[in-house]
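Q: how would this look folded up:
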Amino acid sequence: MKDISSLRALPHYPVMLEQVLEVCQPEKGGLFVDCTFGSGGYSNAILSFPKTKVIALDRDSNTQQYVSKMKKKYKDRFIFHNSKFSELDKVINKNTKIDSIIFDLGLSSMQISNLKRGFSFNSKGKPDMRMGLNSISAQEVLNNLGLETLRDILRFFGEEKEAFRIASNIVKQRDKKTITSIPDLVNIVRRSKRRDFKKKINTSTQTFQAIRIFVNKEIFELIEGLINATKLLKKDGKIIVITFHSIEDKIVKFFFTNFSGNKARGSRYYPDTDQKKILFENYKNKIIRPNSREIENNNPSRSAKLRFVTRSEDNFFYPIDFKNKFFHYLELENRYV
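A: This next block holds a predicted model:
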């Protein structure tokens with residue numbers, strides 16, 4: 001394993017980097033896609049091996065300073081697109097066959113620490129929460145959506161038990177005065193929640209997660225990203241996904257499990273009618289977690305789960321069952337008027 005300690009100097013150290021490299025094996029060379037470029041942690045590590053090339057994506061234009069450094073260092077071995085997951089098959093030629101595609105979901109340290117962007121509870125600014133290439137902000141969501149939609153966003157995207165109370169208080173507050181700051185939102189949530197001294201997380205965590213997912217259409221982007229990644233993978237290529245909350249992980253697990261060889265074949269006692277529904281090799285449902293050393297050095301990694309799957313064939317079919325399974329999430333993300 002190469003020495004990757006220098007990457008710790010980056011503003012966002014990539015989670016489970018050693019494990020990602022172990023799965024995608026850049027020492028063998030090949031073409032890799034880094035779907036969440038950030039400050040370039042995964043891309044830098046992969047390109048440190050000879051005979052590798054990286055196509056990187058990020059919807060956040062604030063990554064540009066790191067993109068410029070990468071282009072200068074690696075020349076034509078590095079290509080960048082300011083794009084979302086859902087545009088993966090538009091920015092990469094369909095005849096390009098990829099060895100591994102990496103998704104590191106959620107927020108980066110850079111996004112959280114930039115208090116002007118409104119991702120942090122400690123921000124004093126506007127409730128923005130846009131990752132980039134967005135049509136709406138959190139402020140527009142808080143001040144315009146109806147009570148039922150706000151409740152559903154908090155319930156389904158934040159798994160918030162007090163969803164109705166928080167949504168009701170958001171509506172009551174904005175009827176008096178427009179919600180224009182993060183402290184406004186934090187105070188509403190704090191007033192709405194019954195105190196639970198057993199919980200170690202901030203009382204606003206689930207509300208912030210829910211609104212951020214809605215603003216950035218993260219469920220749609222993940223589902224489309226996984227489908228597009230599957231189109232581009234060559235046989236024996238790998239999709240590697242790092243998730244940070246149960247909704248993301250549920251979606252990834254369903255996709256990998258239900259379109260793998262061991263699931264699609266069904267029971268040995270019945271005809272093999274679903275053979276055509278295989279996209280991946282037998283999926284073992286293995287979860288890789290960060291080790292204690294990484295958690296100690298990078299505490300946000302504590303909730304990370306890594307799953308990966310291997311492409312079985314070059315043929316592709318559109319997995320409509322996948323989108324149907326999570327239709328209620330997709331419908332909710334499109335409710336903004």
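Q: Can you give me the distance of the most centrally placed residue in the chain to L21?
A: Nearest to the mean C-alpha position of the chain, by Cα atoms, centre = their mean, lies L105 at 2.4 Å. Noted for L105: a distance of 18 Å to L21, by Cβ to Cβ, to the nearest Å. Every residue, glycine included, has its C-beta placed from N, CA and C.
Q: re the thing from before, mind pulling the model confidence for the residue nearest to the centre of the chain?
A: According to the predicted model, the pLDDT of L105 comes to 96.
Q: I'd assumed E248 was in contact with it.
A: Yes: using Cβ atoms under 8 Å, L105 is in contact with E248, at 5.3 Å.
Q: okay, and the common contacts of the two?
A: E218, L222, V241 (Cβ atoms under 8 Å, 6 or more residues apart in numbering).
Q: out of the residues you listed, which is most surrounded?
A: In terms of neighbour count, V241 stands highest of those at 26 neighbours, by other Cβ atoms under 10 Å.
Q: per-residue confidence at L21?
A: L21 is assigned a predicted lDDT (pLDDT) of 98.
Q: sorry, back to before: any chance of the shared contacts of L105 and E248 in a markdown table, with pLDDT too?
A: Converted to a markdown table, the shared contacts of L105 and E248 look like this (pLDDT from 0 to 100):
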| residue | pLDDT |
| --- | --- |
| E218 | 97 |
| L222 | 98 |
| V241 | 98 |
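Q: Present those as JSON lines; the columns should include secondary structure and distance to A229.
A: Below are the shared contacts of L105 and E248 laid out as JSON lines (DSSP: H, G, I helix; E, B strand; the rest coil; distance: Cβ to Cβ, whole Å):
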{"residue": "E218", "secondary structure": "helix", "distance to A229": "16"}
{"residue": "L222", "secondary structure": "helix", "distance to A229": "10"}
{"residue": "V241", "secondary structure": "strand", "distance to A229": "9"}
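Q: out of those residues, who's nearest K235?
A: Of all the shared contacts of L105 and E248, K235 sits closest to V241, with 19.4 Å by Cβ to Cβ.
Q: Could you point out the helix or strand that follows the helix or strand of the chain with the lowest mean pLDDT?
A: Taking mean pLDDT, DSSP states H and E as the measure, the chain has helix 261-264 as its least confident helix or strand, at a mean of 72. Toward the C-terminus, helix 261-264 is succeeded by helix 292-297 as the next helix or strand (DSSP states H and E).
Q: Quickly list what L57 is bridged to.
A: When assigned by DSSP bridges, L57 has beta-bridge partners H81.
Q: so how far is C35 from T180?
A: From T180 to C35 the distance is 33 Å (Cβ to Cβ).
Q: okay, the two: which has more neighbours?
A: C35 (26 against 15).
Q: Please verify my assumption that that one contacts R59.
A: No: with contact defined as Cβ under 8 Å, C35 does not count as touching R59 (9.8 Å).
Q: Now the residue nearest to R212 when sequence neighbours are not counted. Its backbone dihedrals?
A: Nearest non-adjacent residue to R212, counting by Cβ to Cβ, 6 or more residues apart in numbering: M129, 4.8 Å away. Backbone torsions for M129, taken as degrees, to the nearest 10, come to phi 70, psi 20.
Q: What pLDDT is listed against the residue nearest to T203 when sequence neighbours are not counted?
A: Once flanking residues are discounted, T203 sits nearest to K193: 4.9 Å by Cβ to Cβ, 6+ apart. For K193, the model assigns a pLDDT of 91.
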